[in-house]
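Chemist: attaching a predicted model along with its sequence, questions to come.
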Amino acid sequence: MTKQEILAKVNELIAAPSCNPAVRSAAETYLKNQDKASADALVKVLEEYVSSIDETIAFAESEMGAKVFGAEKAKGLAEASKKSKAEGGKYCICPARQAGAAIWENRQAL
């Protein structure tokens, strides 16, 4: 991934409604400074933030997932995540985590 493509993914991450405030803050700091310290901080927060597809499925199928999303939404998330996994998806299907995973996988370009 080129630097420009990484910057586009960072902007996608920031714009995603599902983006965690701490992750958004680290991404905004990276965009502002674009230095090693802010890149390292963004990578660190993404290591904890990006969820595997299996973690997403497990959460969506849990009682907590039903409480957070509502039963029907949780069921839909589990089904969509299983479909993504069957098609080779490795990470949570939400836009924030998809952008975060792309950044994390290409962190050497930060």
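Modeler: Yep, it's here. Numbers count the residues shown, from 1 in each chain.
Chemist: which other helices and strands contact the helix or strand hosting Asp40?
Modeler: Using DSSP states H and E, the element containing Asp40 is helix 36-49. Contacts defined by 3 or more C-beta pairs under 8 Å, 6 or more residues apart in numbering; DSSP states H and E place helix 36-49 against helix 21-33, helix 95-105. Quick note: C-beta positions are derived from backbone N, CA and C, even for glycine.
Chemist: what's the spacing between the residue nearest the centre of the chain and Glu5?
Modeler: Note on the chain: the residue nearest the mean C-alpha position is Arg97, at 1.3 Å, using C-alpha atoms, centre = their mean. Distance, Arg97 to Glu5, using C-beta to C-beta, to the nearest Å: 18 Å.
Chemist: next: Leu31.
Modeler: On the measure of C-beta to C-beta, Leu31 and Glu5 end up 14 Å apart.
Chemist: give me the buried positions along the helix ranked longest in the chain.
Modeler: In the chain, with assignment by DSSP state H, the single longest helix is helix 71-86. Across helix 71-86, burial judged by 16 or more other C-beta atoms under 10 Å covers 74, 77-78, 81-82, 84-85.
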